[in-house]
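>>> Here is the input, now give the coordinates:
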Amino acid sequence: KESQLAIWICLGTLCRIGELLQTEWSHINFESQEWFIPKANVKGNYRTKKEHTIYLSMFVLEKFKELRNITGKSKFCFPAKNKDGHILLNAVSKQIGDRQFKFKNRKELKGRVNDNSLVIGTTEWTPHDMRRTGATIMQSLGVLPDIIDRCQNHILIGNKIRKHYQFYQYKEEMREAWKKLGSKISLILS
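Have a look, this model is predicted:
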């Protein structure tokens with residue numbers, strides 16, 4: 001169930017699976033509907049990494065509430081079962097891959113699921129594909145590419161002087177983009 005929720009959260013927030021799996025409950029503010037991702041949890045090299053705030057749609061907020069009912073007694077949203085800390089960053093990807101066995105060029109692995117229950121179409125998919133899918137849905141809803149890039153916490157390429165003069169953060173535009181995405185996913189699922 002935790003892995004299913006992880007995939008829905010990745011789709012609804014455009015986050016990276018590693019950012020999600022390292023999340024602590026203290027990073028989630030249910031009242032303000034915000035998820036703070038510290039710089040240490042963001043992909044990239046130290047100089048280019050930057051913290052990120054995701055504004056949670058009702059869809060994603062509900063997924064985090066479901067998750068809290070399962071793992072809320074832990075410090076981490078996705079706690080490891082056999083040690084302190086969060087689960088391994090490749091755990092969800094492995095679970096998804098194991099359920100798309102027909103795309104693997106290997107023997108069945110002992111102690112793991114080796115079936116095709118998550119096969120959709122003719123190519124394998126990964127948690128990272130949720131970023132692309134969510135971004136594409138945002139784009140189809142009229143969200144501007146610059147806002148989608150900000151929602152994905154991409155490094156914006158452009159005039160280097162701008163960072164010294166233009167400080168507007170596009171918080172409301174990003175909040176609206178995530179809200180539209182969550183509403184669309186909810187509509188598709190209803």
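>>> Quick check, V42 in contact with T53.
No. Counting by CB atoms under 8 Å, T53 is not a contact partner of V42; they are 11.6 Å apart. Bear in mind the C-beta positions are built from the backbone N, C-alpha and C, glycine included.
>>> if I pick the residue lying closest to M58 once chain neighbours are set aside, what's in contact with it?
The shortest distance from M58 to any non-neighbouring residue, by CB to CB, 6 or more residues apart in numbering, is to G182 (5.9 Å). By CB atoms under 8 Å, 6 or more residues apart in numbering, the residues touching G182 are G12, L56, S57, M58, F59, V60.
>>> The fifth one sits in which helix or strand?
Using DSSP states H and E, F59 sits within helix 58-71.
>>> quick one: average pLDDT of that helix?
Averaged across helix 58-71, the pLDDT comes to 98.
>>> which outside residues touch it?
For helix 58-71, contacts defined as CB under 8 Å, 6+ apart pick out 1-2, 5, 8-9, 12-13, 25, 28, 30, 33, 35, 54, 56, 77-79, 178-179, 181-183, 185-186.
>>> The residue nearest to I155 when sequence neighbours are not counted: which element?
Ranked by CB to CB, 6+ apart and with sequence neighbours excluded, the top spatial neighbour of I155 is T48, at 5.4 Å. For T48, there is no host helix or strand (DSSP H and E).
>>> returning to what we had before: with distance to R150 and neighbour count added, can I get the contacts of G182 in TSV?
Shown next, in TSV, are the contacts of G182 (distance: CB to CB, whole Å; neighbours: other CB atoms under 10 Å):
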residue	distance to R150	neighbour count
G12	16	27
L56	16	25
S57	16	24
M58	21	13
F59	19	22
V60	17	26
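>>> of these, closest to Q95?
Checking these against Q95 by CB to CB gives G12 as the nearest, at 19.1 Å.
>>> neighbours around S32, how many?
Per other CB atoms under 10 Å, the neighbour tally for S32 reads 11.
>>> Revised request: answer the last question for D146.
13.
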